[in-house]
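Trainee: Can you look at this prediction? I've put the sequence above it.
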Amino acid sequence: MKLEDIKTIGVVGAGTMGQGIAQICAQAGYKTILFDINAQILQKAEATTAKNFDKGIERGKLTEQEKQVALSNLTFTGDTLQLSCDVIIEAIVERLEVKQSIFKELAGINTPDTILASNTSSIPITQIAAAVPNPERVVGMHFFNPAHIMKLVEVISGAATAPETATTIKLLAEKLGKTAVMAKDSPGFIVNRVARHFYVEGLKLLEEGVADIETIDKLMQASGFKMGPFELMDLIGVDTNYSVTTSMFEAFHYDPKFRPSRIQQQKVDAGHHGRKTGKGFYKYD
């Protein structure tokens, strides 16, 4: 599959990341199908997309006509049979068996040429591809939150990924207006592996009573970071962030430096997942 052959893009998972990815694909002129099994999440994604376009118009980055064209490129569905596409980008829960399951299902309704890209932020692409037919077309395409604004995309090749597959996805990312970086397969890849300790050490400071949440965040902002670790976890999703840390802890054979925090686990267990639930480390209206 070459870049010029890509006409239709499917996005699996209409959460924050999936919605943002689908939005930029539609804006770039691709027929885009956003899938989720949850009808409410799909409705929310549709409303968020329209709101993001309106904000773009207010800021002079988008015209009303461009908004309408992009919206006409978007289809929202709960039917996997509609996901017959040239490229499919998976943006679902960080669980290996779930990702393998959806890719195997999609492989059954698509040709062997369809590229299957995972937005995973921590699970090795080699593991995801191992249970998927034609693993040479499985690749990592890791966007950052919010996907419609953040410029970086990591393109990750697993052990079986064909070089031409990775090249096509890198070119696609650039067509979407992103800065694409090639990475070899490793838990957390580049950014999440380096940044993991931004969250882990912030949580350790909190656990040890060195400082409170607000103080840690304010000091990090004063040091030049746009957000402190707790604000950023709330934006990303406390549950998502915890899942990534847990995945990396296991992938690195339980190396203590990646050990998940009990405080974060308690937040997840309580349903305090951050901005998307109205409460995380902070409260939101």
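Mentor: Yep, it's here. Numbers count the residues shown, from 1 in each chain.
Trainee: Please, where are all the helices along the stretch 51-200 of the chain?
Mentor: Listed in chain order, the helices of the stretch 51-200 of the chain (DSSP state H, counting those that start in this stretch) span 64-72, 96-107, 125-129, 163-175, 191-207.
Trainee: for these, which one ends up most surrounded?
Mentor: Highest mean neighbour count among these (mean count of other Cβ atoms under 10 Å): helix 125-129, with a mean of 23. Any C-beta I mention is one placed from the backbone N, CA and C, and that applies to glycine too.
Trainee: what helices or strands is that one leaning on?
Mentor: Applying 3 or more Cβ pairs under 8 Å, 6 or more residues apart in numbering; DSSP states H and E, one finds that helix 125-129 makes contact with helix 96-107, strand 138-143.
Trainee: Just the mean pLDDT for that helix, thanks.
Mentor: For helix 125-129, mean pLDDT is 96.
Trainee: which outside residues touch that helix?
Mentor: Residues outside helix 125-129 that contact it (Cβ atoms under 8 Å, 6 or more residues apart in numbering) are 96, 99-100, 103, 118, 120, 135, 138-140, 156-161, 185.
Trainee: where do the strands sit along the protein?
Mentor: Ranges of strands in the chain, per DSSP state E, are 8-12, 31-35, 74-77, 87-90, 115-118, 138-143, 152-157, 179-184.
Trainee: Relative to residue 130, how far out is residue 161?
Mentor: Distance, residue 161 to residue 130, using Cβ to Cβ, to the nearest Å: 12 Å.
Trainee: which one of these two has more residues nearby?
Mentor: Remark: of residue 161 and residue 130, residue 161 carries more neighbours, 23 against 15, as counted by other Cβ atoms under 10 Å.
Trainee: What sits closest to that one if chain neighbours are left out?
Mentor: Leaving out its chain neighbours, the residue that sits closest to residue 161 by Cβ to Cβ, 6 or more residues apart in numbering is residue 139, at 5.1 Å.
Trainee: in the sheet, who's paired with the one you found?
Mentor: Counting by DSSP bridges, residue 139 forms beta bridges with residue 117.
Trainee: residues near it, how many?
Mentor: By the criterion of other Cβ under 10 Å, residue 139 has 29 neighbours.
Trainee: how close does it get to residue 195?
Mentor: On the measure of Cβ to Cβ, residue 139 and residue 195 end up 22 Å apart.
Trainee: go on, residue 114?
Mentor: Distance of residue 114 to residue 195, given as Cβ to Cβ: 32 Å.
Trainee: just residue 220 next, same as before
Mentor: 12 Å.
Trainee: Including distance to residue 226 and mean pLDDT, could the strands of the chain go into JSON lines?
Mentor: Formatted as JSON lines, the strands of the chain follow (distance: least, Cβ to Cβ, whole Å; pLDDT from 0 to 100):
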{"stretch": "strand 8-12", "distance to residue 226": "26", "mean pLDDT": "98"}
{"stretch": "strand 31-35", "distance to residue 226": "28", "mean pLDDT": "98"}
{"stretch": "strand 74-77", "distance to residue 226": "29", "mean pLDDT": "96"}
{"stretch": "strand 87-90", "distance to residue 226": "26", "mean pLDDT": "98"}
{"stretch": "strand 115-118", "distance to residue 226": "27", "mean pLDDT": "98"}
{"stretch": "strand 138-143", "distance to residue 226": "18", "mean pLDDT": "97"}
{"stretch": "strand 152-157", "distance to residue 226": "14", "mean pLDDT": "97"}
{"stretch": "strand 179-184", "distance to residue 226": "17", "mean pLDDT": "96"}
